[in-house]
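J.: Structure of the sequence below:
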Amino acid sequence: MKRLLVGMILAAGTLCAELDWIGYDEALTRAEDDGKIVMVMLSQEGCDACWYMDEVVFEDENVAAEIEMDFIPVHFDIKKDTIPKQFTYIGTPTFYFLTAQGDKIERLNGAANVKDFTDYIRDVKAKVKENNKKIATP
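T.: As a prediction, the model looks like this:
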C-alpha cells in the first residue's frame with residue numbers, strides 16, 4: 001500500500017511539469033557549469049500566446065523534460081523587468097537561445113504548439129552540437 005501511495009504521488013508530480021525559471025546572470029553561470037543552453041523568454045501579462053506557452057506547452061511533461069535536460073530557462077516580463085539590451089522584440093512571446101557566454105544561437109518569435117516547439121528546441125540542440133563538432137575538429 002505504501003508503495004502504491006508513493007507511486008501515485010510521483011506520477012502526480014510528473015503531470016504538473018513546472019520549469020525552474022532563474023535569473024539571467026545565474027543562468028549563464030549554470031549553463032557554463034552544466035554545459036547547457038540558455039533559453040530566454042520575453043513575455044508580458046495579458047499576452048494570450050504567452051499564456052499558451054506557460055499553461056499548455058511548458059506544462060507538457062515531454063517539453064518540460066527536454067528543457068530540464070538541455071536548457072536553463074530565464075523569464076523576463078517586458079513590462080516589469082529590466083531587460084538586457086541585446087534582447088529586442090516586436091511582440092511576445094519572444095525566445096532567445098544562447099550559449100553560456102551569452103552569444104545568440106537562435107531566436108523564435110511567437111508561440112508554438114507542443115510538437116513545433118519540441119522540434120524547434122531539438123533543432124537548436126542539433127545546431128549547437130554541430131557547431132561544437134566544427135570547433136573541436138582540428
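
J.: so who does Y120 touch?
T.: 108, 112 (C-beta atoms under 8 Å, 6 or more residues apart in numbering). All C-beta atoms are positioned from the backbone trio N, CA, C, and that covers glycine.

J.: The helix or strand that contains it - what's its average pLDDT?
T.: Using DSSP states H and E, Y120 sits in helix 114-136. Mean pLDDT, helix 114-136: 90.

J.: now the helices for the protein?
T.: 2-15, 24-34, 48-52, 61-70, 114-136 (DSSP state H).

J.: So N109 is in contact with Y96, correct?
T.: No. N109 lies out of contact with Y96 (C-beta atoms under 8 Å); the separation is 10.3 Å.

J.: still on that earlier bit, using a markdown table, lay out the helices of the chain together with distance to T92.
T.: Putting the helices of the chain into a markdown table (distance: least, C-beta to C-beta, whole Å) gives the following:
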| stretch | distance to T92 |
| --- | --- |
| helix 2-15 | 27 |
| helix 24-34 | 17 |
| helix 48-52 | 5 |
| helix 61-70 | 18 |
| helix 114-136 | 15 |
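
J.: out of those helices, which comes closest to K80?
T.: Ranking those by proximity to K80 (C-beta to C-beta) places helix 48-52 first, at 12.8 Å.

J.: E32 is in contact with G102, isn't it?
T.: No. Between E32 and G102 there is no contact under C-beta under 8 Å: 10.2 Å.

J.: rewinding a little: between N109 and Y96, which one's more packed in?
T.: The neighbour count for N109 versus Y96, taken as other C-beta atoms under 10 Å, is higher for Y96 (22 against 12).
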